[in-house]
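S.K.: heads up, no residue letters with this:
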């Protein structure tokens, strides 16, 4: 049906530290992001009428110029100088919407990669990353994927030099009727934690270096030995959101109670600004066992649930 398909995976945060405010009004962050194999698919075909159109199998998702797919397509076309280029795009949505999993950013990154190939533009990775950074803070990571340090407002990437790909898996849960505004979460964080914000670039760099050399980074780089606990994950937005969003409190409590039922999760945490929550396990089979053990409680609480594995790549051609 289509000429090209691009796979657009979700991400979770293994570390999210709010360092302070930047001159541009964004927050300065120190993060570790990880791709997972829960993914949308973006189908693309050229259009002879010079129009960019988007359809989606989720009717509640806007498909106009506010969608990052359309914005990415328009930016790529503008940078090419070929105003006659057009495309028909169809999004198969599997990543939950408004979930703190960078689904929209990954879709936008998929549009950059897919249309660069479909239109034969030949933009190099550096140029695509620069365009991605203009469009969204998470989008450069979504292009690259895997396991990355993400600094600045999230657009500055540094790879963790892993000795082997991470084989971890997770049980991911989200209430389908609940979403959390990212600007709201950061605004509340500023109100509650602003007195602790750092001010200077030198202070920011000290925290970046502490993350690079910290116990979480070292555990990820070495690879987790069976039975070895994972260091606690830090998400400065979790306490803010957990205090004010009931479904986040309920979901975290459910995931934490899985310990007596199956293997103890390596950790339980919220991703990004929420409201998606996850429990990490040493294998997909253990994540699936946890899902089975909690299935009734999750259903009664109205939660959607997915068992996913870590992935070593970002958006990719071929679906």
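M.R.: Happy to help now that I have it. Computed from a predicted model, the values in this text were never measured in an experiment.
S.K.: Tell me the buried residues in the longest strand seen in the chain?
M.R.: Using DSSP state E, we find that the single longest strand of the chain is strand 27-46. Residues 27-44 are the ones in strand 27-46 that count as buried (16 or more other C-beta atoms under 10 Å). Backbone N, C-alpha and C define where each C-beta goes, glycine included.
S.K.: try stretch 200-212
M.R.: For stretch 200-212, by 16+ other C-beta under 10 Å, it's 204, 207-208, 211-212.
S.K.: Could you work out the most separated pair of these?
M.R.: Pairwise distances across these (C-beta to C-beta) peak at 12.8 Å, for the pair 204 and 212.
S.K.: For burial, what's the neighbour tally of residue 287?
M.R.: 28 (other C-beta atoms under 10 Å).
S.K.: could you measure residue 58 against residue 276, distance?
M.R.: 16 Å (C-beta to C-beta, to the nearest Å).
S.K.: Name the nearest residue to residue 247, ignoring sequence neighbours.
M.R.: What sits nearest to residue 247 in space, not counting adjacent residues and going by C-beta to C-beta, 6 or more residues apart in numbering, is residue 175, at 4.0 Å.
S.K.: these two touch, right, the one you found and residue 252?
M.R.: No: judged on C-beta atoms under 8 Å, residue 175 makes no contact with residue 252 at a distance of 12.0 Å.
S.K.: returning to what we had before: mind listing the strands the longest strand of the chain pairs with, and their directions?
M.R.: strand 4-21 (antiparallel), strand 87-92 (antiparallel), strand 147-152 (antiparallel), strand 304-311 (antiparallel) (DSSP bridges).
S.K.: Save those as CSV, and put in distance to residue 298 too.
M.R.: Below are those laid out as CSV (distance: least, C-beta to C-beta, whole Å):
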stretch, distance to residue 298
strand 4-21, 18
strand 87-92, 24
strand 147-152, 28
strand 304-311, 5
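S.K.: Just send the ones you listed back as a markdown table, with mean neighbour count and mean pLDDT too.
M.R.: Shown next, in a markdown table, are the strands paired with strand 27-46 (neighbours: other C-beta atoms under 10 Å; pLDDT from 0 to 100):
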| stretch | mean neighbour count | mean pLDDT |
| --- | --- | --- |
| strand 4-21 | 24 | 97 |
| strand 87-92 | 21 | 97 |
| strand 147-152 | 21 | 97 |
| strand 304-311 | 19 | 97 |
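S.K.: Just tell me which of those ends up closest to residue 234.
M.R.: Using C-beta to C-beta, the strands paired with strand 27-46 put strand 4-21 closest to residue 234, at 5.4 Å.
S.K.: roughly how far is the closest one from the heart of the chain?
M.R.: 3 Å (C-alpha atoms, centre = their mean, to the nearest Å).
S.K.: Equivalent analysis for stretch 19-29, please.
M.R.: Worked out by C-alpha atoms, centre = their mean, stretch 19-29 lies 19 Å from the chain centre.
S.K.: One more: stretch 287-305?
M.R.: Computed by C-alpha atoms, centre = their mean, the chain-centroid distance of stretch 287-305 equals 22 Å.
S.K.: From residue 218, how far off is the residue nearest to the spatial centre of the chain?
M.R.: Centroid-nearest residue in the chain: residue 11, 2.9 Å away (criterion: C-alpha atoms, centre = their mean). Residue 11 sits 21 Å away from residue 218, going by C-beta to C-beta.
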